[in-house]
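# Need the 3D shape of this:
(2 chains)
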Amino acid sequence: MNSEANVIKELTPDLFEPALREDKNAEKIRRPSIKYWPDVWRRLKQNKLAMTGLTIIILMIAMSIIGPLISGYSYFEQNYDLINVHPNKTNWFGTDELGRDLFTRVWYGARYSLIIGVLAAAIDFIIGVIYGGISGMSSRQVDSIMMRIAEVVYSIPYLLVVILLSVVFSKEGAGTSMFVLILAMTLTDWVPMAILVRGQVLQLKEAEYSLAAESLGASNGWILRKHIIPNTMGPILVNITLTIPRAIFAEATLGFLGLGFQAPKSSLGSLANDGLAGLAVGNAYQIIIPAIFISLIMFAFNVLGDGLRDALDPRLRK
Amino acid sequence: MKKYLLKRFIMSIITLWTIITVTFFLMHSIPGDPFKKEGKMPPAVYENLLKKYGLDKPLHEQYVIYLKNLLRGDFGDSMKSRVETVNDMIRRGFPVSAYLGLEALLIALVFGPTLGALAALYQNKVPDYISMIIAIIGISVPSFIMGTILIQFVAKNVSWLPIGGWGEFKHTLLPALAMSLMPLAYMARLMRSSMLEVLNQDYIKTAKSKGISKAAVILKHAVRNAILPIVSVLGTLISNLLVGSFVIEKIFGIPGLGSFFVKSINNRDYTLIMGTTIFYAIILITMLFLVDIAYMFIDPRIKLTKEGR
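Next up, the predicted model:
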């Protein structure tokens, strides 16, 4: 009761005077308008976890470029005087059973892991956008057939395909080439992207601006390129960020199964595989160090992807 | 409903047939001779070998024969083992893998949704942070790394836990744990977000306002609705678990189907690779099919007569 009386007391008559038409500030926009992407970036910056991820990714990319150069060793140089040396001042991450410097090999491996992740995601993106776009823009029957095909492809177990292809296309004892690895990874993994794009296309082609473009005589391809895809970039970007760690994980698993690159080339997975032997004889650092970097990459991309998803759609934030 | 089931069944068969066909022709397109490594042999022996594996016939005939044999459940002979057929190896290895996979699935199913539900109920409090940390670890640490970490830091310090091998329950504990972490984390995350969504629904408010105890509201109304998305991803998670067993079985030295598969890759035992790949595909596709059906029964909102979404 008391508070109600207070509220009434605050309502002075001058608050009820009519607004003046001449008041120039009435129509003025107080803050500068923020466009979509700067706004996303602003929200992303507030997400500490996602920013940690982004920092880790940038550092990893930088180190995978300069890391092998600053150690003073090459990735294939064998030194039989320095076999299984634990991490120390000259070999920062120690050496492996052939006396190769692990610091160099880890960054060299990280380079390949990152390249594979990014390339696989890029190819998934291209196939997914084209396939999903065509499917969404086509007639219902064509769309239905294309989606059934995509479903069949996608229910083929991912890792099984990757393993099978690397067995088939790699020569015995010669390791798997990067081309085959990426081919194997993108063979089934483009489907989520295609389904995502198709869903967006179905939704956005009903939008007024698509109709407007169509009534001005724009072709389907034009509408897709100029209107639908740019408006789908948000979810696509999230999907890409989450595809990269999946590809890196698949490559690491392959490397761990002995289906990765041929030595002396290395990826983080094959380094972990080499290190497994060291585990039994007390050289645990040989597997722990690559393991830490695999986990860091996976962590960084996953939290960045999650953060991006939240930043793109504030309603999703929980 | 029958129509949907039939359609779904036909799709599964088509998928399976695609996998079998692709696998068959891929394996037969490998350049070189599968018996090259055996060294020089008299032409008669070589021809007999070709005949034994049916490699003397034209490719399309071999394909038809292989399909017919598969229908009878016969995966053929191993190219490297003279004693065991592919069927023998599957019969020996699969129970081991299935046991391990089920144990891992059970761990994930018990702890994943529980953690997620707790995190949602205590949002931004200690249980939420704990489950978030576990979820982050589970998603960023691949199972093969988890396995080695468990060996290095747990098995070596806890005397009764073996580093590897197979036979007793204690052998299954660490590998199952390593395998379960990824699906566990995934389920926890999924459960958390779906639980948060459900807790904001009107029917929860109604239930509360009727004066039902908090536990009853959570168990009967919130959890039962929030768990639906988890059921829908179960098929994929089971498939990940099965395939994830390759690496885990390698690390812990477990004589399961996964380690046979890895071994067959390393010895280039083509018939065994083909057989196990197809066997895995059959298991996975059956799982996806069953989970899909289970989901239809659990979620009353899905009308089976209507054509999907």
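# Most proximal residue of chain B with respect to chain A?
B:Ser140 (3.5 Å; CB to the nearest CB). For every residue, glycine as well, the C-beta is placed using N, CA and C.
# Pretty sure that residue sits against A:Phe299.
Yes. Using CB atoms under 8 Å, B:Ser140 is in contact with A:Phe299, at 3.5 Å.
# So between these two, which is more surrounded?
More neighbours surround B:Ser140 than the other of B:Ser140 and A:Phe299, with 23 against 20 (other CB atoms under 10 Å in any protein chain shown).
# who's in contact with that one?
For B:Ser140, the contacting residues are A:245, A:295-296, A:298-299, A:302, by CB atoms under 8 Å, 6 or more residues apart in numbering or on different chains.
# Now intersect those with the helices, please.
By the criterion of DSSP state H, membership of the contacts of B:Ser140 in helices covers A:245, A:295-296, A:298-299, A:302.
# before we move on, back to that, overlap between the contacts of B:Ser140 and the residues near chain B?
A:245, A:295-296, A:298-299, A:302 (CB under 8 Å from any CB of the partner chain).
# Rebuild these as CSV, extending it with pLDDT.
Formatted as CSV, the ones next to chain B among the contacts of B:Ser140 follow (pLDDT from 0 to 100):
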residue, pLDDT
A:Pro245, 87
A:Ser295, 87
A:Leu296, 88
A:Met298, 88
A:Phe299, 88
A:Asn302, 87
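# Can you add distance to A:Phe261 and give these back as TSV?
What follows is the ones next to chain B among the contacts of B:Ser140, written out as TSV (distance: CB to CB, whole Å):
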residue	distance to A:Phe261
A:Pro245	19
A:Ser295	20
A:Leu296	20
A:Met298	19
A:Phe299	23
A:Asn302	24
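# any idea how far A:Ser144 is from the residue of chain B closest to chain A?
38 Å (CB to CB, to the nearest Å).
# how far away is A:Leu304 from A:Ile57?
7 Å.
# neighbour count winner among those two?
Comparing A:Leu304 with A:Ile57 by neighbour count (other CB under 10 Å), the higher total belongs to A:Leu304, at 26 against 19.
# Show the model's pLDDT score for A:Ala284.
Per-residue pLDDT puts A:Ala284 at 74.
# Leaving out the residues flanking it, which one is nearest to it?
B:Gln152 (5.2 Å; CB to CB, 6 or more residues apart in numbering or on different chains).
# Help me confirm that the one you found is found in a helix?
Yes. When DSSP: H, G, I helix; E, B strand; the rest coil is applied, B:Gln152 is found to be in a helix.
# check contacts around it.
A:279, A:284, A:288.
# near chain B, which residues of the stretch 101-250 of chain A show up?
Residues of the stretch 101-250 of chain A lying near chain B (CB under 8 Å from any CB): A:148, A:151-152, A:155-160, A:163-165, A:167-168, A:172, A:245, A:249.
# Narrow the residues you listed to those that are buried.
A:152, A:155-160, A:163-165, A:167-168, A:245, A:249 (16 or more other CB atoms under 10 Å in any protein chain shown).
# does A:Gly255 really touch A:Gly275, like I thought?
No. Using CB under 8 Å, A:Gly255 makes no contact with A:Gly275, being 11.0 Å away.
# Comparing the two, which residue is more hemmed in?
For A:Gly255 versus A:Gly275, neighbours defined as other CB under 10 Å are more numerous around A:Gly255 (29 against 23).
# Mind putting the buried ones among the residues of the stretch 101-250 of chain A next to chain B into a markdown table with secondary structure?
Shown next, in a markdown table, are those (three-state DSSP):
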| residue | secondary structure |
| --- | --- |
| A:Val152 | helix |
| A:Ser155 | coil |
| A:Ile156 | coil |
| A:Pro157 | coil |
| A:Tyr158 | helix |
| A:Leu159 | helix |
| A:Leu160 | helix |
| A:Ile163 | helix |
| A:Leu164 | helix |
| A:Leu165 | helix |
| A:Val167 | helix |
| A:Val168 | helix |
| A:Pro245 | helix |
| A:Phe249 | helix |
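# As a markdown table, the residues you listed with distance to B:Arg91 would be great.
Listed next are those as a markdown table, based on distance: CB to CB, whole Å:
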| residue | distance to B:Arg91 |
| --- | --- |
| A:Val152 | 29 |
| A:Ser155 | 26 |
| A:Ile156 | 25 |
| A:Pro157 | 21 |
| A:Tyr158 | 26 |
| A:Leu159 | 23 |
| A:Leu160 | 20 |
| A:Ile163 | 22 |
| A:Leu164 | 22 |
| A:Leu165 | 28 |
| A:Val167 | 23 |
| A:Val168 | 26 |
| A:Pro245 | 37 |
| A:Phe249 | 31 |
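# B:Leu174: neighbour count?
23.
# Which parts of the chain are helices?
I'll assume chain A. Secondary structure of chain A (DSSP H): helices at A:2-10, A:36-46, A:48-70, A:102-137, A:140-154, A:158-169, A:178-189, A:191-204, A:208-215, A:220-223, A:229-256, A:268-280, A:285-312.
# could you do chain B instead?
With helices called from DSSP H, chain B shows them at B:2-28, B:43-52, B:59-71, B:86-121, B:126-140, B:143-150, B:169-199, B:202-209, B:214-216, B:224-226, B:228-252, B:257-267, B:270-298.
# and those helices, which one is worst for confidence?
Among those, helix B:43-52 has the lowest mean pLDDT, at a mean of 76.
# That helix: how far from the chain's middle?
38 Å (CA atoms, centre = their mean, to the nearest Å).
# Dump it to CSV, restricted to CA.
Extracted in CSV, the C-alpha atoms of helix B:43-52 (Å, rounded to 0.1, in the frame of the first residue of the first chain):
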residue,chain,number,x,y,z
PRO,B,43,51.1,-72.2,-61.0
ALA,B,44,48.9,-75.1,-59.9
VAL,B,45,48.8,-73.9,-56.3
TYR,B,46,48.1,-70.4,-57.4
GLU,B,47,45.2,-71.5,-59.6
ASN,B,48,43.8,-73.6,-56.7
LEU,B,49,44.0,-70.6,-54.4
LEU,B,50,42.2,-68.4,-56.9
LYS,B,51,39.6,-71.1,-57.3
LYS,B,52,39.2,-71.5,-53.5
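# So which bits of it are buried?
Applying 16+ other CB under 10 Å to helix B:43-52 flags B:Leu49 as buried.
# Kindly report the same for stretch B:121-135.
Quick answer for stretch B:121-135 (16+ other CB under 10 Å): B:121, B:127-128, B:131-132, B:134-135.
# got the contact list for A:Ile223?
With contact set as CB under 8 Å, 6+ apart, A:Ile223 has these partners: A:137, A:205, A:210, A:213-214.
# Deepest-packed of the helices of chain B, please.
helix B:143-150 (a mean of 24; mean count of other CB atoms under 10 Å in any protein chain shown).
# Which elements pack onto that helix?
Other elements packing on helix B:143-150 under the criterion 3 or more CB pairs under 8 Å, 6 or more residues apart in numbering or on different chains; DSSP states H and E are helix A:229-256, helix A:268-280, helix A:285-312, helix B:169-199, helix B:228-252.
# And for A:Glu214, the neighbour number?
Neighbours of A:Glu214 using other CB under 10 Å come to 15.
# out of everything not next to it in sequence, what's closest to it?
The nearest residue in space to A:Glu214 (CB to CB, 6+ apart) is A:Ile223, at 6.5 Å.
# Kindly report the same for A:Tyr285.
Nearest in space to A:Tyr285, with sequence neighbours left out and distances taken as CB to CB, 6+ apart, is A:Gly94 at 5.4 Å.
# what do you get for A:Gly128?
Distances taken as CB to CB, 6+ apart place A:Met193 nearest to A:Gly128, at 2.6 Å, with adjacent residues excluded.
# any idea how far the nearest residue to A:Leu98 once chain neighbours are set aside lies from chain B?
Excluding its sequence neighbours, the residue lying closest to A:Leu98 (CB to CB, 6+ apart) is A:Gln78, at 4.7 Å. According to CB to the nearest CB, to the nearest Å, A:Gln78 stands 24 Å off from chain B.
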